[in-house]
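Student: build me a structure from this.
(2 chains)
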Amino acid sequence: MHDAVAVATQFIGLSLGKVMYLFAMGFVGGLVSGFIGSGGAFVLTPGMMSIGVPGLMAVATNMCHKFPKALVGALKRAKYGQVDVKLGIVLGVSAEAGVLYGASVQEGIKKAYGDAGSNLYVSTAFVLVLAIVGGFVMRDAIKSYRAGTTNDEEKLTKIARWVQSVNIPYTMVYFKALNARISVLFTIPLGFATGILAATIAVGGFVGVPSMMYVLGAPGLMASATELVIAFVMGVGGSLKYAMHGMVDIRLALIILAGSLFGIQLGAIGTTYVRPYMIKMVMGVIMVTVLFSRLLMLPNTSFAIMIFALGLGAFIVLKAMWQGRCEERLRERAAELAVE
Amino acid sequence: MATTTKNKALVSAIIFGALSIGLYALLFVKEELVNSTFGKGGIYALLPIATAFLFSFIHGNFTGSFWSALGIEAAKSKGCK
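Tutor: Modelled structure (predicted):
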């Protein structure tokens, strides 16, 4: 309880400027999340810290805005038939375990090596994941674009074909997103890794979505939508854990939520207008851009690059959506003329 | 047909928008009480979680209807994908 009293005194005062700032960040973060299933958290946490919110409270508050946002996004995308609830829950539960383990690893490193050791661990994880996974996703999207196969159905990778071919008795489960039965012995480590990453760099989706696409064989649209279910499951558990220590500033969470629910609805609508490779393109662009922010290791510049990465992602989403809407209107007009 | 859908969305946006504004107003009018109660931890942890669910329902319905009322809806055909 002492903790809670100490934390309660850390609630920041709110001015109109701060409210607008959080609302705008929430909107852009929500837009990107609605489209690629994750993102936004890497900007929102440091964004809150930049207006004076203590680090741990920023993490907790971000998580508390994330789960209702993910819920609304998942429900919206479920209407479009893009969500595999079963896969999301199976991965989400193992991700929750990963979050708890990841948080304890963080605490252990901090105790043993102090803040410098903890920062080094986070930065190394950030750089490695963004470089390897982000580079791979980006390369795949560019390859599809150059080959002119952006309209084609996504092909299974060799790993996904192998995962779907392995039969381990009593562990096989059918998943709609994969249209195949796979062993949960594959999904558990993937969910766990997503959770560890969520606890380390705050964006589990940077591993969750690519692993669903490339390791399990889910199409990009279904993977990004199902990630919202994972984020919801992880977010509820994480928020409850932080709230029990009085770490959540519900005012900030709800201001960000006010903006992010406008964004996530728009991002979800956007997925119905674009070609599937755009999910990979947006995710790849954001991951590679954020990678530079971490490589530079300059606090202000890094934050500015992160905001730029999120803004760039949002711009691509809106542009792709606009083009998709124009194409659809042209098709409708052509159909009307044909009838006349 | 499209106009009827838009009108329905507009009515929904107005109702849920008013409720949403009411909830946010209440949150800031009772700011001190909210901070002191929600920050207590322990069993009080259920308060921020329940509040987040409530806001996601009310504000989520508002934002969904808002875009629909503006005519921004999901693609009707799957041809562009």
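Student: residue ranges in the stretch 151-300 of chain A under the pLDDT threshold?
Tutor: Across the stretch 151-300 of chain A, the ranges flagged by pLDDT under 70 are A:151-152, A:297-300.
Student: show me where it has its helices.
Tutor: Secondary structure of the stretch 151-300 of chain A (DSSP state H, counting those that start in this stretch): helices at A:158-165, A:184-201, A:205-210, A:220-243, A:250-270, A:277-296, A:299-339.
Student: kindly reformat the ones you listed as a markdown table containing mean neighbour count and distance to A:M57.
Tutor: Every residue, glycine included, has its C-beta placed from N, CA and C. Converted to a markdown table, those look like this (neighbours: other CB atoms under 10 Å in any protein chain shown; distance: least, CB to CB, whole Å):
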| stretch | mean neighbour count | distance to A:M57 |
| --- | --- | --- |
| helix A:158-165 | 15 | 40 |
| helix A:184-201 | 22 | 16 |
| helix A:205-210 | 27 | 22 |
| helix A:220-243 | 27 | 8 |
| helix A:250-270 | 27 | 8 |
| helix A:277-296 | 23 | 22 |
| helix A:299-339 | 15 | 18 |
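Student: could you dump those into a markdown table and include distance to A:M20?
Tutor: Below are those laid out as a markdown table (distance: least, CB to CB, whole Å):
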| stretch | distance to A:M20 |
| --- | --- |
| helix A:158-165 | 44 |
| helix A:184-201 | 27 |
| helix A:205-210 | 27 |
| helix A:220-243 | 24 |
| helix A:250-270 | 9 |
| helix A:277-296 | 24 |
| helix A:299-339 | 15 |
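Student: mind checking which of those helices is nearest chain B?
Tutor: Of all those, it is helix A:220-243 that lies closest to chain B, at 3.5 Å by CB to the nearest CB.
Student: look up the closest residue to A:G238, ignoring the ones flanking it.
Tutor: Using CB to CB, 6 or more residues apart in numbering or on different chains and skipping residues adjacent in sequence, the residue nearest A:G238 is A:M63, 4.5 Å away.
Student: can you tell me how far the one you found sits from chain B?
Tutor: Counting by CB to the nearest CB, to the nearest Å, the gap from A:M63 to chain B is 10 Å.
Student: thinking again about what came up before, out of the helices of the stretch 151-300 of chain A, flag the one nearest A:R146.
Tutor: helix A:277-296 (10.8 Å; CB to CB).
Student: any residue of that closest one touching chain B?
Tutor: No - judged by CB under 8 Å from any CB of the partner chain, helix A:277-296 stays clear of chain B, getting no closer than 9.5 Å.
Student: double-check the residue nearest to A:G238 against A:F232; I have them as touching.
Tutor: No - counting by CB atoms under 8 Å, A:M63 does not reach A:F232; the two are 11.1 Å apart.
Student: per-residue pLDDT, residue 71?
Tutor: Using chain A. Looking at A:L71, its pLDDT stands at 96.
Student: not what I meant, chain B
Tutor: B:G71 is assigned 90 on the pLDDT scale.
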